[in-house]
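In: Next input, structure requested:
(chains A, B and C)
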Amino acid sequence: MSDLFALVERLYPICRSITGDGVRRTLEIVGESIPLQVHEVPTGTQVLDWTIPKEWNIRDAYIQDADGNRVVDFGASNLHVLGYSVPVSGTMSLAELRPRLHTLPEQPSLVPYRTSYYGETWGFCLAQETLDGFGEGPYEVLIDSTLEDGHLTYAEHVVPGRVSDEVIISCHTCHPSLANDNLAGIAVAVELAKRLAGTEPWYTYRFLFAPGTIGAITWLARNRVERVRHGFTLACAGDRGPLTYKRSRRGSEIDQVAAHVLKDREHTILDFTPYGYDERQFCSPGFNLGVGSLTRTTYAGYPEYHTSGDNLDFVSAEAMADTLDTCWDIVQVLDNNRRYLNLSPYGEPQLGRRGLYASLGGRSDTKELQMAMLWVLNLSDGEHTLLDIAERAGQPFAVLSEAARALHDAGLLKEQVA
Amino acid sequence: MSDLFALVERLYPICRSITGDGVRRTLEIVGESIPLQVHEVPTGTQVLDWTIPKEWNIRDAYIQDADGNRVVDFGASNLHVLGYSVPVSGTMSLAELRPRLHTLPEQPSLVPYRTSYYGETWGFCLAQETLDGFGEGPYEVLIDSTLEDGHLTYAEHVVPGRVSDEVIISCHTCHPSLANDNLAGIAVAVELAKRLAGTEPWYTYRFLFAPGTIGAITWLARNRVERVRHGFTLACAGDRGPLTYKRSRRGSEIDQVAAHVLKDREHTILDFTPYGYDERQFCSPGFNLGVGSLTRTTYAGYPEYHTSGDNLDFVSAEAMADTLDTCWDIVQVLDNNRRYLNLSPYGEPQLGRRGLYASLGGRSDTKELQMAMLWVLNLSDGEHTLLDIAERAGQPFAVLSEAARALHDAGLLKEQVA
Amino acid sequence: MSDLFALVERLYPICRSITGDGVRRTLEIVGESIPLQVHEVPTGTQVLDWTIPKEWNIRDAYIQDADGNRVVDFGASNLHVLGYSVPVSGTMSLAELRPRLHTLPEQPSLVPYRTSYYGETWGFCLAQETLDGFGEGPYEVLIDSTLEDGHLTYAEHVVPGRVSDEVIISCHTCHPSLANDNLAGIAVAVELAKRLAGTEPWYTYRFLFAPGTIGAITWLARNRVERVRHGFTLACAGDRGPLTYKRSRRGSEIDQVAAHVLKDREHTILDFTPYGYDERQFCSPGFNLGVGSLTRTTYAGYPEYHTSGDNLDFVSAEAMADTLDTCWDIVQVLDNNRRYLNLSPYGEPQLGRRGLYASLGGRSDTKELQMAMLWVLNLSDGEHTLLDIAERAGQPFAVLSEAARALHDAGLLKEQVA
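Out: Numbers count the residues shown, from 1 in each chain, chains lettered A, B, ... in the order given. Below you'll find the predicted structure:
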């Protein structure tokens, strides 16, 4: 738990965007916990329908009044600058400046988070309360940024499995000082990767740390996506609300697994919509991958969303730990969910002579494991996964999994390859 | 609205049946509003499993008491004669006459509507209250009718569309002085045809005015029905009850469209049954067309059904106007419901550089039209119509339709041909 | 009704097991009512994954105290001996004997029913109350049994039908003095077979009287099971609880028929589970037959289950008669459930000229049989059985069946062969 919060705290001050040194610094820090393969894709590279934009970096920015007070200061919060603002320097009246100022009149104490990646402009974001104190000016305005050819930076961490089929866990790295969206998601992904490192999973697990939209599109453009069997985007992983799972577009095994794991926790399940995080890209109709989305409170579902209210106080170590445990449980069920074929499908095989059945007949309190064996044998016809069987039987997945192992060891089951 | 009621009023006194001059006169009047192609099919013509019957015409009919009073008089209401009665003239006691007299003992003030098209007989229909006043007789009885070789008459009105696939809208023309069933249906069909005349619809719309059962069977026997893609029968279009839509037998797009249009109005949806109006014929298993039925109160669902109570007071101009608006909305959705293919299905296409997306990011109040574009792109995989997408997205059909046009104009969508 | 109870009463005292003379005697008595083909399968025969065990017979068994009192006596109840106990004779203290004694501490007045078919051992079953009165011993212990090569015995009764497709009705014959489980099932099966004998059914009905598990497995190993189209196991047919039907594994016509018949009775429908009676074997994935299970209170669902409380008082003649009537109704619907093809599928055929339709039109109170004819014509497209149509129409199966006969006789329907 302390690792989770500590990572969020450390990453929080960095000014990230869809490109630039803030992303690189973020990945360096993540790389201290888990090995990363970092990719740099040059400006101008065509990725699917998109083009890698110029790289943006910023050193300083402020609005200073006549008395020399920085009434809006990038140094105080990187949210104050409209993301991807082009450089500007000059003096102007409030009237000239006003169209460049973004506020939230209905949340007057909060600074909004705004960007303009694909339309070259500049601006400042500030609290309505701050703006209300502005005089006529003049104001000295500076944005010391660069928007030049460079690179888009993203990273991957891979936990190799016994098969090359992959589970992708993706979180966006492009947001500046916003704690829940998505530093909490990054932190949970890092800890999940650390837990998996000690295991020998069935699937290969690929963690993707990339900027939203353009990052996922870049990854999809440059990789063989047919190996992606399952996955989820991970975001808003630290707020105090209950868990939310959003189904993949095509309805897939990950949806069933997530619903199974979540059913004993307070949660909401949402149908797929083509809006939200990078499941939008993974679930575009051409790819149509089995990728859902796990959050606590859902995308844009809390008043602090995309404002300075999404700060370190907004996330809790306990909530992140709970998200991590949920991810772990999802991964455990997913990784052990198999399809078997009953090799003795005509009548029940005689379990007793294989030591798999109580010898004393007549008792009606048959044990849970024996019932699980009967269910596995009965439904292992190539049509049902263990999770299908668990849900049909109303038994815990772990018991079905144990029963399948015992039957497999006794030579009664063969694993089905998909 | 006044046109709707005026047409019903004008057609009301005419004595119609499945053949005869009353039908011809009705079609003449309809033909004053919309051009009609009138068909005359000779008696004896084989149509599917049926044969065109003899043509029936009637000039007068009465039961006259000894004092010379016409106690039952065709001149007062054409319902008084059993439809298709053969000629009769004579004097008889009440005891002899009684088996020929049809009443509604439980609705003693109403005259029933009865016919005998395929069993040659004669009879009178009258109020139970009238019958209760009858003495022993003798009575003079006259039915001055003819039942001879002739023709069955029906008519079509066609609004040409961009494709030859047809939508058929069918209403029965065989009922005498019954206002809701089906003069209101005829009136709504005429006004719908007039509204469509000014448009360039996608589908070709065919309006069928034909006697019930034998008329639909005649049309089905003489036409290439495979061009009929959608349709509905239109009847009971003027009573004050809420709307009812009865699904086609096979479950089809028209059912989905009607349910979508009706969901914001008070209404009932019924499953298909092989009884009712001519959807029975269109939905016979050999044809199995996508033809439903639109009524207000359903077939036989009101006490005045098939009685003298179904008169001009029973229908309202407002109700007919509402039925007409509903038909219009159904036609609009149906006609614009298309299946598109996303030509840029790998990841989202960059809408921003095409001017289809707000350039300022970070805001969560994405506009309805932008959401509609994302939905259309995501689900335009050849599997989903715009209406499917509208229902999945929970957005109005018109917004999805607008989004699809914008995307199509930007070259991002291709129209799918079914 | 009296026959049902009398048979249970007569079979009750006999000591049955999965093999042995008790089974043979039981089948002899059944054979007095219906002709049986009795099969004897030698010890050691391989049947599917199993082997026919040794044959077990028993003459006497007791525990006698130092005063010569038989404190546990096979003569008083055959439940007192652990089924398949090997012979034993000797004197032992309570301490030595105690591990061999089976009781129900939570139902202290009842004797449990226990067996050990596939692990050679011996033991006694007794009431906890009896055990509580035991002193230290010594006790004289005798089980005068044999466990030797012999045979497994089962029997079949066949009612030939017009087609060789079979309906199998199976009841287990291996339980000693337990009335509901399964003497009541045997009695109901016998009476059902007697009722069927007088009819000329469509299907061939095969009644199977065999020991649980190993008997069904033996039958399945030795027969062409592909001729089994439908079936159900019949057990617990005499208790005073409501009826229970457990669906077949694959979901099949018998499930639909049973649900249809039961819907007017107090009942429960259960999904298939791979535990219970011999539907476990018939529904193993290799066979996957359309075999459900009919009981009153379900398997292991009553406190007296597998105890001395399942005695003659526990079953009622009325309950058995009700089970029998239910079986009869199921068989009647199943046997008459056909798929027809409408030979005049384009439009409705003219029923009037075939004398199948009231000639007087205009009435809305169309008769039930006429509606049934319209439904049969409309849905006889090769996709729907009469029962499908009955359920869709909300009409009684018998009326649909009568309508189909009338239409078939008029040459409008052809029977579909599956």
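
In: Could you pull out the buried residues of the longest helix along chain A?
Out: Longest among the helix segments of chain A by residue count, using DSSP state H, is helix A:317-336. Within helix A:317-336, the residues that qualify as buried are A:317, A:319-324, A:326-336, counting by 16 or more other C-beta atoms under 10 Å in any protein chain shown. Yep, even glycine has a C-beta here, placed from its N, CA and C like the rest.

In: Keep the residues you listed, but drop any that are not near chain B.
Out: For chain B, no contacts are drawn from those by C-beta under 8 Å from any C-beta of the partner chain.

In: now the helices for the stretch 251-400 of chain A?
Out: A:253-262, A:279-282, A:317-336, A:368-379, A:386-393, A:397-409 (DSSP state H, counting those that start in this stretch).

In: likewise the stretch 101-250 of chain A?
Out: All helices of the stretch 101-250 of chain A, identified by DSSP H, counting those that start in this stretch, fall at A:128-132, A:185-197, A:214-222.

In: and these as JSON lines, adding mean pLDDT?
Out: Output for the helices of the stretch 101-250 of chain A, formatted as JSON lines (pLDDT from 0 to 100):
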{"stretch": "helix A:128-132", "mean pLDDT": "97"}
{"stretch": "helix A:185-197", "mean pLDDT": "97"}
{"stretch": "helix A:214-222", "mean pLDDT": "98"}
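
In: which stretch among the ones you listed comes nearest chain C?
Out: Ranking the helices of the stretch 101-250 of chain A by their distance to chain C (criterion: C-beta to the nearest C-beta) puts helix A:185-197 first, at 34.5 Å.

In: Any buried residues in that closest one, and which?
Out: Quick answer for helix A:185-197 (16+ other C-beta under 10 Å): A:185, A:186, A:187, A:188, A:189, A:190, A:191, A:192, A:193, A:196.

In: Which positions in stretch A:99-119 come out as buried?
Out: So, applying 16+ other C-beta under 10 Å, buried residues of stretch A:99-119: A:100-104, A:107, A:110-118.

In: Most widely separated two among those residues?
Out: Within those, two members stand farthest from each other by C-beta to C-beta: A:107 and A:118, at 26.3 Å.

In: thinking again about what came up before, ok, and which of the buried residues of stretch A:99-119 reach chain B?
Out: When contact is defined as C-beta under 8 Å from any C-beta, those meet chain B at A:112, A:113, A:114, A:115, A:116, A:117, A:118.

In: Please tell me how far the fifth one sits from residue C:169.
Out: Using C-beta to C-beta, to the nearest Å, one obtains 77 Å as the distance from residue A:116 to residue C:169.

In: likewise the last one?
Out: Using C-beta to C-beta, one gets 73 Å for the distance from residue A:118 to residue C:169.

In: Same check on the second one?
Out: With the distance defined as C-beta to C-beta, residue A:113 ends up 72 Å from residue C:169.

In: And residue A:19, by the same measure?
Out: Residue A:19 is 75 Å from residue C:169, by C-beta to C-beta.

In: For stretch A:67-87, measure first residue to last.
Out: Stretch A:67-87 has an end-to-end distance of 23 Å (C-alpha to C-alpha, to the nearest Å).

In: Stretch A:104-117 now?
Out: Stretch A:104-117 has an end-to-end distance of 21 Å (criterion: C-alpha to C-alpha).

In: try stretch A:259-267
Out: For stretch A:259-267, the separation between the terminal residues is 9 Å (C-alpha to C-alpha).

In: for stretch A:241-249, same thing?
Out: 24 Å.

In: And for stretch A:145-164?
Out: End-to-end for stretch A:145-164, by C-alpha to C-alpha: 43 Å.

In: and that stretch, how far from the chain's centre?
Out: Offset of stretch A:145-164 from its chain centre (C-alpha atoms, centre = their mean, to the nearest Å): 15 Å.

In: Repeat that for stretch A:14-28.
Out: 17 Å.

In: could I get stretch A:373-381 in PDB with only the CA atoms?
Out: Output in PDB follows, covering the C-alpha atoms of stretch A:373-381 (Å, rounded to 0.1, in the frame of the first residue of the first chain):
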ATOM      1  CA  MET A 373     -15.500 -33.100 -10.300                       C
ATOM      2  CA  LEU A 374     -18.900 -34.200 -11.600                       C
ATOM      3  CA  TRP A 375     -19.500 -30.700 -13.000                       C
ATOM      4  CA  VAL A 376     -16.200 -30.600 -14.700                       C
ATOM      5  CA  LEU A 377     -16.600 -34.000 -16.200                       C
ATOM      6  CA  ASN A 378     -20.200 -33.300 -17.300                       C
ATOM      7  CA  LEU A 379     -19.500 -30.000 -19.000                       C
ATOM      8  CA  SER A 380     -16.000 -30.600 -20.300                       C
ATOM      9  CA  ASP A 381     -17.200 -31.100 -23.800                       C
END
